[in-house]
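Participant: dropping a prediction and its sequence here:
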Amino acid sequence: MTLKDQVAIVTGGSRGIGKAIVTALAKEGAKVAFVYKGSADAAKVLEAEIAGTGGVARAHQGDVGDPATAERIVALSGQLAAGGNGTGSLFGRLRLGAPDSFGLTCMAGLLSALKERHPELAVALTIDNSAVLAQKLNARELDFAFVVDATVEDHIRVEPLGMMDLTWVGSPRLDLPKRAVRPADLLRLPIFTNPEPSKLMAVIRAWFGAAGIEVPPLSTCNFLSVILRLPLAGEGVSLLPTAILSKELGTGRLRALGARPAIARSQLFAAYQIDKLGGGALTVIDIARKVIRRSRLLAGA
């Protein structure tokens, strides 16, 4: 029997019977992706033993009962099947998308870390709202994107990263109630947001709709950095990701208005082409998680 160039997945592969199965499959020529829950040292030793005989085996630590682990081991096996080495190496051009909120808070750190770990990688960056990014992913115009509550097709895998807070803000000079604002309080003020089909626009419409109030005319702009300057100038109010507001709120140049009803949090996902990146996508996700924790983009980070 020969399994040359076939890919096998083994659960519990670093010790005992699982280790024996990994070794036997690799001996027959299979590239093996295996999951382990315990000792990382034992898994590395097994990888090295198989490499020493000319085989390929790559380990991933996790609980096989966790859907995220299942997705990652499948992605790892996909990279092995595509001819990669399963190490998560990245090269060539990565077509990367992100919403403005991620771009303003995390993109510099992400690109710096990617350049350090993968110097041969070139990034083609697209900044747009999540609905547009999802459309580009579905059309295979992007390899990887960070998206908020977006709908993607079956050839895209998504992994949740955490929840994002949104905050109504306005200049302290505006004549607004000291309590949390209600939709009726904002009817007389200009409201600035991203254009359709953005998540921010949808949240604003839902907030007014929940109060049974017709949505007032909304002024739109593609860039959050520009929108932010408008309430700073006292021109109106905006609903913005809380993470981009820390400096303005901290200095008192903007006032967090609060909201009744409360604004629902949004879910941030990493999304990528299943057949394009393989284990390389996991590398981007792992780096992104570290950068996001430092940026406080997510609620509770």
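Facilitator: That came through fine. Everything numeric in this text was worked out from a predicted model, so none of it was measured.

Participant: what about Thr23, neighbour count?
Facilitator: 19 (other CB atoms under 10 Å). C-beta here means a position set from N, CA and C on the backbone, and glycine is covered the same way.

Participant: thought it was touching Gly52?
Facilitator: No - look at Thr23 against Gly52 with CB atoms under 8 Å: they stay out of range, at 11.4 Å.

Participant: which parts of the stretch 51-200 of the chain are helices?
Facilitator: 67-81, 100-105, 107-117, 130-138, 199-210 (DSSP state H, counting those that start in this stretch).

Participant: can I get the ones you listed in CSV with mean pLDDT, distance to Gly29 and mean neighbour count?
Facilitator: Converted to CSV, the helices of the stretch 51-200 of the chain look like this (pLDDT from 0 to 100; distance: least, CB to CB, whole Å; neighbours: other CB atoms under 10 Å):
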stretch, mean pLDDT, distance to Gly29, mean neighbour count
helix 67-81, 74, 12, 19
helix 100-105, 94, 42, 24
helix 107-117, 93, 30, 15
helix 130-138, 94, 35, 22
helix 199-210, 94, 48, 18
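
Participant: to Leu297, which of those lies closest?
Facilitator: For Leu297, the closest of the helices of the stretch 51-200 of the chain is helix 100-105, at 4.8 Å, according to CB to CB.

Participant: which elements pack onto the closest one?
Facilitator: Judged by 3 or more CB pairs under 8 Å, 6 or more residues apart in numbering; DSSP states H and E, the packing partners of helix 100-105 are helix 224-232.

Participant: following element in sequence after the helix it packs on, please.
Facilitator: Where DSSP states H and E defines the elements, the next helix or strand beyond helix 224-232 is strand 237-241.

Participant: centre of the chain versus the helix or strand that comes right after that next one, how much separation?
Facilitator: The helix or strand immediately downstream of strand 237-241 is helix 246-250, counting by DSSP H and E. How far helix 246-250 lies from its chain's middle: 24 Å, per CA atoms, centre = their mean, to the nearest Å.

Participant: give me the contacts around helix 246-250.
Facilitator: For helix 246-250, the external contacting residues (CB atoms under 8 Å, 6 or more residues apart in numbering) are Val169, Leu228, Leu232, Leu254, Arg255, Ala256, Arg296.
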